[in-house]
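Student: Please find the sequence and the predicted model below.
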Amino acid sequence: MNSDLVDKIARAVLYEGYILYPYRPSALKNRQRWNFGVLYPEAFAAVQTASDRSYFQMECLVMGNAHSRLDVTLRFLHLTSRGAGERQWEEAIERSVQVRDLDLDAIVSSSHRQACSFGPLECSGEIAVSATALQGCVFRVSVRVRNTTALEISNREEALLHSLVSAHAVLTVRKGEFVSQTDPPESLREAAEKCENIGVWPVLAGEEGTHDTLLGSPIILPDYPRVAPESAGDLFDATEIDEILSLRILTMTDTEKKEMRESDERGRQILERLEANPGGHLIPLHGAVRRVGPQVGSRVRLRPRKRADIFDTLLDGKVAVVEAVEQDYEDNIHLAVVLEDDPGRDLGELRQIGHRFFFSAAEVEPLP
């Protein structure tokens, strides 16, 4: 597992919406918190709208065996109130609960439950992990996280101080593989569709092509999400508008900057980072161009979907190299590939029939 890649995207999920531009408590939009993935105390959530929940459920498929081991990490923000009146502010404490070395066979027989509790403002929860054995070596794993804080609260602001904010889970497996929920193999598509996910969506995380880490995100993401390498640090307001947010911060008045600096430690760090080297942060953000998907020279594994002819069956699983990326009159993109182990590969590179094949981007898996 590439922990750096996973940590970066998990942190972006954790702090999405934590504090919004203009990063001041006097701003109206910072007086009403809007984080994704808030798990309220059960008594409060029971009398609110359907979107206000006290739990999330994450289900996924794991290909494993008797030696497979599962780790589950729950992460969330625990809010605390600071100051009073116009200077009142909610600061966040990062919380993490780990469940380690679960035996897949063991949690098929009996679910594993682990309670957690944090202060100074009471906030309690429970993680329940279970598994169901499906056909062959496939298991359906279920992770259910609940806010079990036993308080009768009717005020949303007070309920947030006892909530699991931006709650999400990171699962890792040893001696096993997670199956993509977004694009499962055809043989497991029906089983994947039966997984019930409530409040989170599981995506593969880490290096593209790996299957040992799954992120249960309260925000809908694709498999292998990334934080842009040009981003120099957290901005919390979104993950794709770093340049405009940075410019807006730098043009705030001295009075606004003073309030930002004195209200929240993370807001102060944003301001000091940008003021220390504004050009160094803005130049990499301006005009960055990034190609997405396989390019000429990329190594890929072929996964034909249509089975239009015998070649689709024969080439399934073969490793190939992208020789060209072409577009037809209907604007569809096609990858022209040659097989890596084809003795006549040079003929394919000369665009000879029989040694050069066409697939869509969805029919290939990128390889290192």
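Tutor: That came through fine.

Student: which SS class is residue 210?
Tutor: Going by DSSP: H, G, I helix; E, B strand; the rest coil, the secondary structure assigned to residue 210 is coil.

Student: what number of residues lie near it?
Tutor: Using other Cβ atoms under 10 Å, residue 210 has 15 other residues around it. In short, each C-beta sits where N, CA and C put it, glycine included.

Student: and if you look at residue 79?
Tutor: If we define neighbours as other Cβ under 10 Å, then residue 79 has 22 of them.

Student: where does it land in three-state SS?
Tutor: Per three-state DSSP, residue 79 ends up strand.

Student: so it bridges to which residues?
Tutor: Counting by DSSP bridges, residue 79 is bridged to residue 92.

Student: can you pull the contacts of it?
Tutor: 33, 90-93, 121, 160-161, 163, 165 (Cβ atoms under 8 Å, 6 or more residues apart in numbering).

Student: quick one: it and residue 164, what's the gap?
Tutor: 10 Å (Cβ to Cβ, to the nearest Å).

Student: ok, back up a step: can you put the contacts of residue 79 in CSV and add neighbour count, distance to residue 180 and pLDDT?
Tutor: Converted to CSV, these look like this (neighbours: other Cβ atoms under 10 Å; distance: Cβ to Cβ, whole Å; pLDDT from 0 to 100):
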residue, neighbour count, distance to residue 180, pLDDT
33, 20, 32, 66
90, 21, 36, 73
91, 17, 37, 80
92, 21, 31, 86
93, 13, 33, 91
121, 17, 38, 87
160, 22, 34, 90
161, 19, 37, 92
163, 31, 31, 95
165, 24, 28, 93
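
Student: Among the residues you listed, which ones are in strands?
Tutor: 90-93, 165 (DSSP state E).

Student: which one of these sits closest to residue 232?
Tutor: residue 92 (21.0 Å; Cβ to Cβ).

Student: any idea how far that closest one is from residue 253?
Tutor: 26 Å.

Student: Over to residue 176?
Tutor: For residue 176, the distance to residue 253 - Cβ to Cβ - is 55 Å.

Student: Looking at those two, which one has more neighbours?
Tutor: residue 176 (20 against 8).

Student: Return the residues in contact with that one.
Tutor: 62-65, 68-70, 104, 212.

Student: This structure: helices as residue ranges?
Tutor: 3-15, 42-45, 104-109, 156-160, 189-193, 242-250, 254-263, 265-276, 278-285, 310-315, 345-349 (DSSP state H).

Student: Of these, which is nearest residue 57?
Tutor: Closest to residue 57 of the helices of the chain, according to Cβ to Cβ: helix 42-45, at 14.1 Å.

Student: so what does the closest one touch, helix or strand wise?
Tutor: Using 3 or more Cβ pairs under 8 Å, 6 or more residues apart in numbering; DSSP states H and E, the elements in contact with helix 42-45 are strand 138-147.

Student: Got the domain ranges for the protein?
Tutor: Split into domains by automatic domain parsing, the chain comes to 3-227, 244-290, 299-366.

Student: Quickly compare these and say which is most buried.
Tutor: domain 3-227 (a mean of 18; mean count of other Cβ atoms under 10 Å).

Student: so how far is that domain off the chain centroid?
Tutor: On the basis of Cα atoms, centre = their mean, to the nearest Å, domain 3-227 sits 10 Å off its chain's mean C-alpha point.

Student: Mean pLDDT lowest where, among the helices of the chain?
Tutor: Lowest mean pLDDT within the helices of the chain: helix 278-285, at a mean of 74.

Student: Now do it: which elements does it pack against?
Tutor: helix 242-250.

Student: quick revisit: closest to residue 58 out of the contacts of residue 79?
Tutor: Checking these one by one against residue 58 (Cβ to Cβ), the nearest turns out to be residue 165, at 17.3 Å.

Student: so where is the stretch 51-200 of the chain shaky, pLDDT-wise?
Tutor: 83-88 (pLDDT under 70).

Student: where's the closest residue to residue 98 other than its chain neighbours relative to residue 138, distance?
Tutor: Excluding its sequence neighbours, the residue lying closest to residue 98 (Cβ to Cβ, 6 or more residues apart in numbering) is residue 73, at 5.1 Å. For residue 73, the distance to residue 138 (Cβ to Cβ) stands at 23 Å.

Student: could you measure residue 16 against residue 202, distance?
Tutor: Where residue 202 is concerned, residue 16 sits at a distance of 17 Å (Cβ to Cβ).

Student: before we move on, the earlier item: wait, which of the contacts of residue 176 is closest to residue 144?
Tutor: residue 70 (14.4 Å).
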